[in-house]
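Chemist: give me a 3D structure for the following:
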Amino acid sequence: MRCAVILAGGSGTRLWPASRRTKPKQFLALAGEDTLLGATVARARAVAGRVLVVTAADQVELVERAVPGVEVIAEPAPRNTAAALGLAAVFALAGDPDAVLGGFPADHHIADPVGFGVAIERAFAAAERSDVIATVGIAPTRPDTGFGYLELGDEVEPGVRAVVRFVEKPAPAVAQRYLDGGRHLWNAGMFFVRARRLMDDLQRFIPETGAALRLIATALRRSATAAAAEIAAQYPALPSVSIDVGVMEKTHGVVAVPGRFGWSDVGSWTAVAELGPADARGNVVRGDAVVVDGDHNLVVTDPGAAVALVGVSGLAVVRSGDAVLIVPLARVQEVRAAVEALGAAGLARYL
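Modeler: Alright, predicted model coming up:
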């Protein structure tokens, strides 16, 4: 069975003040009427027979309210994507020893669900046919330094390329070379692999994680209660490492499906602005707000409060709950610094 794994434990601090500890980014409706998590689960249900959401223990109720009826696996502590996908593999294998996993971030936006479905079908099929680890990469549209990249090799079957290596976030000149060369994709964090192969790779490359997951799997064969106790005992001590660094950069047989389906990681207020719609002067307004004699601004406000901008350009102005953010769109990557400053100033109650 194909099992979609939705990784939903992130905090989304770059989207403060809309994204907070009590309601992180994946629970926000930033690209339509549905939450990012709800839209992700809907897409996953269209391509997989089972859907698992892995999230932080204190976010389980948020998940269940956002997506009623979905299967939820609670992490007692955040240990990054290698452990989260491995934990999902344990539960998938308990239901089907031949399960194939598709791992998806919970907080991305897809403008073209049909094109997305075509790419996902191709990636699942590659993992099923030849026991490779497949990923779906995004054809870059700009020399972005905020993403990791996949360097592509030869085509191994129609629409599927070998992955030569994973590349960390590059310098601007290097990113431009990647864009011009046509042999690199943005790493969108989507992975497709047989659950047994993933367990074997975790045992080989992150042995502490592999050993702990096998103990959890043994407990799960006894009962769900025994598994919960083993997770509580084992999981918090696991190394915190991403699946990219812990497994993908070290293993063999990795392939990529290039995708063009209007993907956005919705990773900053700039990304939200790019989702539009924009007026004739490039302003994007969400909520009760107006821009007078200004260009290329983003204004987001909750219901019940109005915001007006006059004679300014290139700003992100976000009013959410009891907090307001004002920052040049060119500097939205520094919102994390504002979050850290609020904490240092004793104002963590606003986070």
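
Chemist: phi first, then psi, for Leu315.
Modeler: Backbone torsions of Leu315, given as degrees, to the nearest 10, read phi -110, psi 150.

Chemist: now do the same contact list for the nearest residue to it once chain neighbours are set aside.
Modeler: Setting aside the residues directly before and after it, Leu315 is nearest to Asn297 in space (C-beta to C-beta, 6 or more residues apart in numbering), at 5.0 Å. Bear in mind the C-beta positions are built from the backbone N, C-alpha and C, glycine included. Contact analysis of Asn297 by C-beta atoms under 8 Å, 6 or more residues apart in numbering lists 282-284, 291, 309, 312-317, 329.

Chemist: one more: Val53?
Modeler: So Val53 contacts 6, 8, 37, 41, 63, 67, 70-73, 106 (C-beta under 8 Å, 6+ apart).

Chemist: repeat that for 10 Å
Modeler: With contacts defined as C-beta atoms under 10 Å, 6 or more residues apart in numbering, Val53 is in contact with 4-9, 26, 37, 40-41, 44, 59-60, 63-64, 66-67, 70-74, 88, 104, 106.

Chemist: ok, of these, which come out buried?
Modeler: Buried subset of these (neighbour count, 16 or more other C-beta atoms under 10 Å): 4-9, 26, 37, 40-41, 44, 59-60, 63, 66-67, 70-74, 88, 104, 106.

Chemist: quick one: the longest helix seen in the chain to chain centroid distance?
Modeler: Secondary structure of the chain per DSSP state H: the longest helix is helix 113-130. Computed by C-alpha atoms, centre = their mean, to the nearest Å, the chain-centroid distance of helix 113-130 equals 18 Å.

Chemist: after it, next one along is what?
Modeler: strand 133-138 (DSSP states H and E).

Chemist: CA atoms only: put that next one into PDB for me.
Modeler: Extracted as PDB, the C-alpha positions of strand 133-138 are listed here (Å, rounded to 0.1, in the frame of the first residue of the first chain):
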ATOM      1  CA  ILE A 133      14.600   6.400  -3.100                       C
ATOM      2  CA  ALA A 134      12.800   8.900  -5.200                       C
ATOM      3  CA  THR A 135      12.300  12.600  -4.700                       C
ATOM      4  CA  VAL A 136      10.300  15.200  -6.500                       C
ATOM      5  CA  GLY A 137      12.400  18.300  -7.200                       C
ATOM      6  CA  ILE A 138      11.200  21.600  -8.500                       C
END
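
Chemist: report the angle between that strand and helix 113-130.
Modeler: Following axes from the mean of the first three to the mean of the last three C-alpha atoms, to 10 degrees, one obtains 160 degrees for the angle between strand 133-138 and helix 113-130.

Chemist: list the neighbouring strands of the strand ranked longest in the chain plus their orientation.
Modeler: With secondary structure taken from DSSP state E, the chain has its longest strand at strand 184-194. Next to strand 184-194 in the sheet, as set by DSSP bridges, lie strand 100-105 (antiparallel), strand 133-138 (antiparallel), strand 149-157 (antiparallel).

Chemist: give the buried residues for it.
Modeler: For strand 184-194, by 16+ other C-beta under 10 Å, it's 184-194.

Chemist: for stretch 283-301, same thing?
Modeler: Neighbour-count burial for stretch 283-301, counted by 16+ other C-beta under 10 Å, picks out 283-287, 289, 291, 294, 297-301.

Chemist: nearest to Ala173 among the residues you listed?
Modeler: Proximity of the buried residues of stretch 283-301 to Ala173 (C-beta to C-beta) peaks at Leu298, which lies at 28.3 Å.

Chemist: enumerate every residue touching that closest one.
Modeler: 269-270, 272-275, 278, 282-286, 289, 291, 309, 314-318, 327, 329, 332 are the contacts of Leu298 under C-beta under 10 Å, 6+ apart.

Chemist: now with 8 Å, please.
Modeler: Taking C-beta under 8 Å, 6+ apart as the test, what Leu298 contacts is 269-270, 272-273, 283-284, 315-318, 329.

Chemist: try Ile120
Modeler: Going by C-beta under 8 Å, 6+ apart, Ile120 touches 47, 102, 136, 190, 192.

Chemist: returning to that earlier point: now the following helix or strand past the longest strand of the chain: buried residues?
Modeler: Later in the chain than strand 184-194, the nearest helix or strand by DSSP H and E is helix 195-205. Residues 195-199, 201-203, 205 are the ones in helix 195-205 that count as buried (16+ other C-beta under 10 Å).
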